[in-house]
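Engineer: give me the fold of what follows.
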Amino acid sequence: MKREDVILRGLVFDGEVSLAVADTTALVNEAIRVHGLSPLSAAALGRTLTVAAYMCSALKTEGSALSVTIKGNGVGGPIYVSGDKQLHMRGYIDNPHAELPPNALGKLDVGGCVGREGYLSVVRDDGENQPFVGTTPLVSGEIGEDFAAYFAYSEQLPTAIAVGVKISKEGGCLGAGGVFLQPLPGAHEENIARAEEAIKNFSAISSILEKESARALAEKYFSAADLYAQKPVYKCNCSRNYIEGILAAMGEEELRAIIAEQGKISVHCHYCNTDYDFSPEEAEAIIAHSRA
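Structural biologist: Numbering: from 1, shown residues only. Model (predicted):
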């Protein structure tokens, strides 16, 4: 039976540490399908999608959303990921076909794909029109380490993170996900140390998730049974009607200028890799509707 993606959340270590276990294999495979990703680009974007999904699973209010931007000096170029409280996730990497030789460990060189100089930025909108923006320098380009630095310095929430993506020789994702341990305020040093020790079990998290479910992992390593589940899915919020609304907001003068120059209006959504084309007649209909 096909396994569905899931993020399991709960408390462990005397209730003083927040645990999340994420299986995002299907999410990454959909990103590979949508964007035609090389194994290296899939690993970089997949890790970012996984951490962003974990962050979205903590959003509290309806209408809240989050976006992540990673801009480094690697061959993959910038990475953009967005999601919301429903865990509708989407993202893209500027160079979907990035390639590099394996790193010193014989694995995909995600650090080289992302780059080791640059920044990671998070914009979190809790639906109150006062978005939080946090930015930190890249640490290594390995994604997990960069997000750990972000949590520690930008949100003052020390977080142990293990995140990984395993790609087959054929280019599909065999296993993807992460383990996240975040001590609550006032947690005893003993339980913080337990979290730091526990995360060492997951250096090969993608291989673990290739073989067993997120719930089996949580029960095996944390004896954690009282966990609630959320289901991330790759879903873009664009549609032809949505794009028409954006075009209408651009104004009649600009739309007519585009038609005069290009003969039509073309809009590309990077998140779902979809092209929307509007003929001169369709553009006129949009203009007329905007006047109504």
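Engineer: list the contacts of stretch 78-85.
Structural biologist: Applying CB atoms under 8 Å, 6 or more residues apart in numbering, the contact partners of stretch 78-85 are 44-45, 48-49, 52-53, 55-56, 59-72, 89-94, 114, 232, 270-271. The C-beta positions use only the backbone N, C-alpha and C, and glycine is treated the same way.
Engineer: may I have that stretch exported as CSV, CA atoms only?
Structural biologist: In CSV, the C-alpha atoms belonging to stretch 78-85 read as follows (Å, rounded to 0.1, in the frame of the first residue of the first chain):
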residue,chain,number,x,y,z
PRO,A,78,18.0,30.7,-5.2
ILE,A,79,15.3,28.4,-3.7
TYR,A,80,11.8,29.6,-3.0
VAL,A,81,9.2,27.7,-0.9
SER,A,82,5.8,28.8,0.3
GLY,A,83,3.1,27.1,2.4
ASP,A,84,0.1,27.7,4.6
LYS,A,85,-1.6,26.3,7.7
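Engineer: quick one, which of the contacts of stretch 78-85 are buried?
Structural biologist: Buried members of the contacts of stretch 78-85, scored by 16 or more other CB atoms under 10 Å, are 44-45, 48-49, 52-53, 55-56, 59, 64-72, 89-93, 114, 232, 271.
Engineer: which ones among those map onto helices?
Structural biologist: A44, L45, T48, L49, A52, A53, M55, C56, V114 (DSSP state H).
Engineer: and the two most separated of those?
Structural biologist: C56 and V114 (20.6 Å; CB to CB).
Engineer: so how far is the biggest strand by length in the chain from its chain's centroid?
Structural biologist: Counting by DSSP state E, the longest strand found in the chain is strand 173-183. Centre-to-centre, strand 173-183 and its host chain are 12 Å apart (CA atoms, centre = their mean, to the nearest Å).
Engineer: now it: mean pLDDT?
Structural biologist: The pLDDT scores in strand 173-183 average 97.
Engineer: partners of that strand in the sheet?
Structural biologist: strand 17-23 (antiparallel), strand 160-167 (antiparallel) (DSSP bridges).
Engineer: just the C-alpha atoms of the first one, please, in PDB.
Structural biologist: Looking back up the chat, that one is strand 17-23. Extracted in PDB, the C-alpha atoms of strand 17-23 (Å, rounded to 0.1, in the frame of the first residue of the first chain):
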ATOM      1  CA  VAL A  17      10.700  18.900  24.300                       C
ATOM      2  CA  SER A  18       8.500  19.400  21.200                       C
ATOM      3  CA  LEU A  19       9.000  16.500  18.700                       C
ATOM      4  CA  ALA A  20       8.100  16.500  15.000                       C
ATOM      5  CA  VAL A  21       8.700  13.600  12.600                       C
ATOM      6  CA  ALA A  22       8.100  14.400   8.900                       C
ATOM      7  CA  ASP A  23       7.800  12.000   6.000                       C
END
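Engineer: flag every buried residue along it.
Structural biologist: Buried residues in strand 17-23, counted by 16+ other CB under 10 Å: V17, S18, L19, A20, V21, A22, D23.
Engineer: need these in TSV with distance to D5, can you?
Structural biologist: Below are those laid out as TSV (distance: CB to CB, whole Å):
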residue	distance to D5
V17	23
S18	20
L19	17
A20	13
V21	12
A22	8
D23	6
